[in-house]
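> Next come a sequence and a model predicted from it.
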Amino acid sequence: MELDTGDTVLRDAQQWFVLLRDGDASAEDRQRFAAWLAADATHRQAWDEVEHLWKRMDAVVPALRLDALSLRELSAPRPVSVTRRTWMKQAAAAALVLGGGGAWIAASTDLFADHRTAVGERRSIPLADGSRVDLDADSALSVAFSDTQRRITLDRGRAYFQVARDAARPFIVTAGAGDVRALGTAFDVKRGSDSVRVAVSEHAVAVTVAGDSLRLTEGSVVDYSARGLGAVAPADIASLLSWRQDRLFFQDAPLGEVVADLDRYRRGRIVILDDSVAKLPVTGFFHAAQADAALQTIAATLPVRLTRLTGRLVVIRAL
């Protein structure tokens, strides 16, 4: 089901769901919920979506063995006594703060990938043509070489390509909505949730999206998405490639992008509850192996609060 309603309505439905699964919910609570549900058709739509998500989470949530805070702490930070009786409420909170996302159980887009890395793992992969790929943490790619071309599909994550020369077979990386064709080169491709970033460290590549193409030269970067090509910009390539030395560099990057990178290096999930928070700019160098320390630094420099719902689930929200 597609939920065609605002984030606020969905979040209200999530909070009602958690409250009503709590054995302490009062008759007054249930009356207020009934009034809320009847007030607008979008409320019923949001409630149906939350119930659907919870049914899908039934097989997943128990394995999380949650041991922390209830959703109520998100709106009123205070010491909470956690008992076995609050288990279901905590599980609901952990599932629902994901904003309705099915990311915990969504079908994997890289189920049949040829190469993949686990969270926190990087690999250097030699290819049959003499090329080499450095695959970032929590990433996956597929290889399809033929007599006429060498094609790589970056299913998710990030990879750095050092391409062996073969004039008879072009080397093409497909990522998201576009193709990146090597022109005797080394380059980096980072695939995000809705966009792709290409940075060239040697020579040049040709980037093509929806029939439009550009030549990206050494020391330059470009973003693209299904909407088309972005503007070419100069880049600090050494900093952009620092992930190969377990360092993550960000220059005025949206917090949502930063969190997506940190998520590849820590077990668990980091969730941002507010869209405005996800857009906050972040600049800095962080050690990939110390993602939690990076989160603490971000919390100390931005107007945000971190809430640890479990040892692995961290929620970020506005102060």
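Yep, that arrived. The model shown is predicted, which means the values in this text are computed figures rather than measured ones. Numbering: from 1, shown residues only.

> How about stretch 30-40, which residues are buried there?
Within stretch 30-40, the residues that count as buried by 16 or more other C-beta atoms under 10 Å are 33, 36. Using the backbone N, CA and C atoms, a C-beta is placed for each residue, glycine as well.

> So what's the gap between that stretch and the chain middle?
In terms of C-alpha atoms, centre = their mean, to the nearest Å, the centre of stretch 30-40 is set 34 Å apart from its chain centre.

> cool, and stretch 241-250?
Between the centre of stretch 241-250 and the centre of its host chain there is 17 Å, according to C-alpha atoms, centre = their mean.

> cool, and stretch 285-304?
16 Å.

> Could you tell me the end-to-end distance of that stretch?
Start-to-end span of stretch 285-304 (C-alpha to C-alpha, to the nearest Å) is 19 Å.

> swap in stretch 252-266?
Note: stretch 252-266 ends 22 Å apart using C-alpha to C-alpha.

> same thing with stretch 184-194?
Start-to-end, stretch 184-194 (C-alpha to C-alpha) is 28 Å.

> and that stretch, which residues are buried?
For stretch 184-194, burial by neighbour count (16+ other C-beta under 10 Å) applies to 185-192.

> Among those residues, which ones are in helices?
Of the buried residues of stretch 184-194, none are assigned to helices by DSSP state H.

> Export those residues as a markdown table, with columns for distance to residue 112.
Shown next, in a markdown table, are those (distance: C-beta to C-beta, whole Å):
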| residue | distance to residue 112 |
| --- | --- |
| 185 | 28 |
| 186 | 27 |
| 187 | 25 |
| 188 | 24 |
| 189 | 20 |
| 190 | 22 |
| 191 | 17 |
| 192 | 22 |
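
> In the stretch 151-300 of the chain, what residue spans correspond to helices?
Using DSSP state H, counting those that start in this stretch, the helices found in the stretch 151-300 of the chain span residues 237-240, 255-263, 275-278, 291-301.

> elements contacting the last one?
In terms of contacts (3 or more C-beta pairs under 8 Å, 6 or more residues apart in numbering; DSSP states H and E), helix 291-301 is packed against helix 255-263, strand 281-287, strand 304-308, strand 313-318.

> Which one of these lies nearest to residue 180?
helix 255-263 (19.5 Å; C-beta to C-beta).

> Show the pLDDT at the residue lying closest to residue 177 once chain neighbours are set aside.
If the residues on either side of it in the chain are set aside, residue 177 comes closest to residue 226, at 4.2 Å by C-beta to C-beta, 6 or more residues apart in numbering. On the pLDDT scale, residue 226 is placed at 92.

> what do you get for residue 3?
For residue 3, the pLDDT comes out at 39.

> The one 5 residues further on too?
Per-residue pLDDT puts residue 8 at 70.

> circling back: please tabulate the buried residues of stretch 184-194 in CSV, including the columns pLDDT and distance to residue 28.
As requested, these are exported to CSV (pLDDT from 0 to 100; distance: C-beta to C-beta, whole Å):
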residue, pLDDT, distance to residue 28
185, 92, 66
186, 97, 65
187, 98, 61
188, 98, 57
189, 98, 55
190, 97, 50
191, 95, 49
192, 89, 45
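
> Now flag whichever of the residues you listed is closest to residue 152.
Nearest to residue 152 among the buried residues of stretch 184-194, counting by C-beta to C-beta, is residue 189 at 8.9 Å.

> Now the residue nearest to the spatial centre of the chain: closest residue in space, sequence neighbours ignored.
Residue closest to the mean C-alpha point of the chain, counted by C-alpha atoms, centre = their mean, is residue 260 at 3.9 Å. Of all residues beyond its chain neighbours, the one nearest residue 260 is residue 192 (6.4 Å), with distances taken as C-beta to C-beta, 6+ apart.

> Out of the helices of the stretch 151-300 of the chain, which is closest to residue 158?
Closest among the helices of the stretch 151-300 of the chain, using C-beta to C-beta: helix 255-263, at 8.4 Å.

> Show which residues not belonging to that closest one make contact with it.
The contact list for helix 255-263 (C-beta atoms under 8 Å, 6 or more residues apart in numbering) reads 138, 192-193, 243, 248, 250, 269-270, 272, 277-282, 286, 291, 294-295, 298, 302, 304, 316.

> For PyMOL, write a command that selects the buried ones of the residues you listed.
In PyMOL, a selection of the buried entries from the contacts of helix 255-263 looks like this (16+ other C-beta under 10 Å):
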select buried, resi 138+192+243+248+250+269+270+272+277+278+280+282+286+291+294+295+298+302+304+316
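
> Any regions of this structure where pLDDT drops low?
1-7, 18, 21-24, 51-111, 310 (pLDDT under 70).
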